[in-house]
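Colleague: All I have is the shape, not the residue letters:
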């Protein structure tokens, strides 16, 4: 495949605005099944990093940073967990364009950013099943009535916005290390906006309106394990591959 | 010793996991386990410090080329301070948080925070430092926002997290520059290469100066320097033990990080001058804002801001070890003050009686005074006492102290503290004012001379090589004309302040009701609008975000 064609294909999978619309539509709106959405979060960036060649024209770096910043800003006002994860994915995967050629992102970096979003998609389904919608601010007091669900949501959200010691943290540090200095500043501002958006999202679920009776059930032990075990393995793998993640993944 | 160093953060981490896994009905046990673990941690830290004081050489876990943790005077000293303050906070929390439904969760968070702080002070690797530097912000968010029923607690916890994240950005950028310039994440190896070639440039930027400035900016966010201070006074919305931990330990990270990067700062003199100015402005504004507070915890919050200003200023004049001593002294007294404030607030909530103690009678009932010393005598005393102290220090400790800009801090600290004290005494009405003045001056002498001696001892301990101590002072040094100009300026400011007090007393309320005074008071009472500015920006960004989402609905 020629370089130009390869780059054109890649901008759909490490989505750049407005081509990101396809990814957002699929992951945020169209696909109803949590498993399918989870698969998109994992497969989409994997396809993207496998398409990105060694050469990325400089103007594309600027476009990627613009896309990442745009979705990070849009994330601040987003309250629906489905669209929230899709916007975060669009912002995060766009950042994978930034490292300089010798540190082009690998599949570990893509997985480091995609897996928490896939797990968050499962959790969104759990919330929708119990409350009818995974919409923050619609019902509050999650930590009081469903402490396991609240704990899982908190940890997975932190993981998705690349907090330490989750692999995303090392991926983002790697991006900052191997992008140009100005792009590193831009990537770090995107990271800051994610944190802001994550806290607003969590506050929307934890505070606000008290839940009315009958109160939906908390996560069962099996459901908790289904989310917790992969998350724990994910953290362990991130620490094991820390050097690879820091050098581009 | 290296095993003990590894144990240091592992004990609180293990305790956090254990406490979290306990069944809900075992909450009381969780508190006891957590306290036990911190006692053990403090003992380990004590053994490490004793080892270091008794001549154990500095070492790195993993070797200097792949250092993970550092065993050096700075890390061992800071580890003991952190574990001691954490222990006080843990013990206090046992009963203070007893009615909290998430009791065990609170102790798990406290343990994780202690472990992160311990890792921060002993990190020998840039990546580990970045991880814990970032982690502290996240954990602090959960601790400050622990009171989930309080909207304001949540709001200010978010502010704190965002300021911390803003402070993480320069730290990551500094790591990027240093890694590209020296090709390693290991701090000992990096400092070795930096000493060999401090003039490298990366991305067209001078590495040492830029990284120094970025680390300083990160330190400013952590230590609430002016313009990045707005979160600090509002951390009072969190539980009192968290406020204590925050003000006694976490906020001191600025001085620590500057000390940790001392080998870099000896080549970044201009950055230290900037650090001095930021610290000075913070000390002044923090003190002014403190004066107009009517809430005990908020007043203590602004007092911390002022103290952090002093601490950063000390770094700016090259008195790195003095900053560490200041950090420890401030940490211990502020931690206990906060816990006492919590006790006072608790008492006040349970009883509406105003305690009619001796202090109350003296301050509120205003006993008649026999006489009042003249403003001029007090002004002369304010200027003269620190100058005498400086001469004494010069004679007792170091004959070349005039060449060390630490002398400025000594004078400035003496002047500001002395002026605060003597202003207060001058305004008080007491039957024997000169007795009180004599006692105050004597106390000040003991404190400042003691401070100088301790600072010297700390300097020898933290930087055993004389050449390193000299290099830090040399980097922070300013030319002699600037030194004298600064002293002259400060003398004028102090005398001007006294003239102001004199006029204020003579004209009674005329000055305090003048339009200028009211305007200044209004601006200060609105905390100089800094937080309003940030709120405006935040609201604007959120509105913009919502608008973008409407415009780009399908993209």
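Modeller: Received it, and whenever you're ready, just let me know what you need. Every value quoted in this text rests on a predicted model; they were computed, and no experiment measured them. Numbers count the residues shown, from 1 in each chain, chains lettered A, B, ... in the order given.

Colleague: show me where the stretch 151-300 of chain B has helices.
Modeller: Under the criterion DSSP state H, counting those that start in this stretch, the stretch 151-300 of chain B contains helices at B:151-182, B:187-196, B:207-222, B:240-248, B:253-260, B:262-265, B:269-291, B:296-316.

Colleague: and of those, who's closest to chain A?
Modeller: Among those, the nearest to chain A by Cβ to the nearest Cβ is helix B:151-182 (4.3 Å). Placement of C-beta: from N, CA and C, glycine included.

Colleague: Which positions within that closest one qualify as buried?
Modeller: By 16 or more other Cβ atoms under 10 Å in any protein chain shown, the buried positions in helix B:151-182 come out as B:153-154, B:156-179, B:181-182.

Colleague: so it versus helix B:240-248, what angle?
Modeller: 30 degrees (axes from the mean of the first three to the mean of the last three Cα atoms, to 10 degrees).

Colleague: Return the residues in contact with the residue nearest to residue B:124 when sequence neighbours are not counted.
Modeller: Once flanking residues are discounted, residue B:124 sits nearest to residue B:67: 3.3 Å by Cβ to Cβ, 6 or more residues apart in numbering or on different chains. Residue B:67 is in contact with B:60, B:61, B:124, B:125, B:186, B:187, B:188, B:189, counting by Cβ atoms under 8 Å, 6 or more residues apart in numbering or on different chains.

Colleague: ok, and the most crowded of the residues you listed?
Modeller: Most neighbours among the contacts of residue B:67, by other Cβ atoms under 10 Å in any protein chain shown: residue B:124, with 28 neighbours.

Colleague: How about the backbone phi and psi for that residue?
Modeller: For residue B:124, the backbone dihedrals (degrees, to the nearest 10) come out as phi -110, psi 10.

Colleague: Which residues outside the helix or strand bottoming out on mean pLDDT in chain A are in contact with it?
Modeller: None of the helices or strands of chain A scores lower by mean pLDDT, DSSP states H and E than helix A:142-145, at a mean of 88. With Cβ under 8 Å, 6+ apart as the contact definition, helix A:142-145 has outside contacts at A:149, A:150, A:151, A:153, A:205, A:206, A:211, A:215, A:216, A:218, B:148.

Colleague: if you set the cut-off to 7 Å instead, what comes out?
Modeller: A:149, A:150, A:153, A:205, A:206, A:211, A:215, B:148 (Cβ atoms under 7 Å, 6 or more residues apart in numbering or on different chains).

Colleague: residues touching the second one, list them.
Modeller: With contacts defined as Cβ under 7 Å, 6+ apart, residue A:150 is in contact with A:142, A:143, A:206.

Colleague: burial of residue B:468, as a residue count?
Modeller: Counted with other Cβ under 10 Å, the neighbours of residue B:468 add up to 15.

Colleague: For residue B:459, give its distance to residue B:551.
Modeller: Separation of residue B:459 from residue B:551 (Cβ to Cβ, to the nearest Å) stands at 60 Å.

Colleague: ignore the last one, residue A:216
Modeller: 35 Å.

Colleague: Give me every residue in chain A lying close to chain B.
Modeller: Within reach of chain B by Cβ under 7 Å from any Cβ of the partner chain, chain A has these residues: A:17-18, A:20-21, A:24-25, A:73-74, A:76-78, A:143, A:158, A:163-165, A:169, A:173, A:176-177, A:180-181, A:184-185, A:188, A:192, A:195-196, A:199, A:203, A:206-207, A:246.

Colleague: need the contact list for the nearest residue to residue B:284 once chain neighbours are set aside.
Modeller: Spatial nearest neighbour of residue B:284, chain neighbours left out: residue B:309 (7.2 Å); criterion: Cβ to Cβ, 6+ apart. Going by Cβ under 7 Å, 6+ apart, residue B:309 touches B:225, B:279, B:280, B:282, B:283, B:286.

Colleague: Chain A: strands as residue ranges?
Modeller: Counting by DSSP state E, no segments of chain A form strands.

Colleague: where along it do the helices fall?
Modeller: A:3-13, A:20-24, A:34-51, A:58-76, A:81-95, A:107-131, A:142-145, A:147-160, A:167-178, A:181-206, A:221-240, A:242-246 (DSSP state H).

Colleague: Tell me the buried residues in the longest one?
Modeller: Of the residues in helix A:181-206, those scored as buried under the neighbour-count criterion (16+ other Cβ under 10 Å) are A:181, A:183-206.

Colleague: where does the chain dip in pLDDT?
Modeller: Just going to use chain A. The model of chain A has pLDDT under 70 over residues A:1.

Colleague: other chain: chain B
Modeller: B:349-373, B:386, B:389-390, B:393-417, B:419-420, B:423-431, B:508-509.

Colleague: Domains of it: list them as residue ranges, please.
Modeller: Per the TED database, the domain ranges recorded for chain B read B:1-124, B:379-511, B:512-554.

Colleague: Quick check: which of these is buried the most?
Modeller: Greatest average neighbour count among the domains of chain B goes to domain B:1-124 (a mean of 20), per mean count of other Cβ atoms under 10 Å in any protein chain shown.

Colleague: What's the end-to-end length of that one?
Modeller: 16 Å (Cα to Cα, to the nearest Å).

Colleague: rewinding a little: closest to residue A:112 among the contacts of helix A:142-145?
Modeller: residue A:153 (19.9 Å; Cβ to Cβ).

Colleague: Adding distance to residue B:528, write the helices of chain A out as JSON lines.
Modeller: Compiled in JSON lines, those are given as follows (distance: least, Cβ to Cβ, whole Å):
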{"stretch": "helix A:3-13", "distance to residue B:528": "46"}
{"stretch": "helix A:20-24", "distance to residue B:528": "41"}
{"stretch": "helix A:34-51", "distance to residue B:528": "45"}
{"stretch": "helix A:58-76", "distance to residue B:528": "27"}
{"stretch": "helix A:81-95", "distance to residue B:528": "34"}
{"stretch": "helix A:107-131", "distance to residue B:528": "40"}
{"stretch": "helix A:142-145", "distance to residue B:528": "36"}
{"stretch": "helix A:147-160", "distance to residue B:528": "34"}
{"stretch": "helix A:167-178", "distance to residue B:528": "33"}
{"stretch": "helix A:181-206", "distance to residue B:528": "24"}
{"stretch": "helix A:221-240", "distance to residue B:528": "43"}
{"stretch": "helix A:242-246", "distance to residue B:528": "41"}
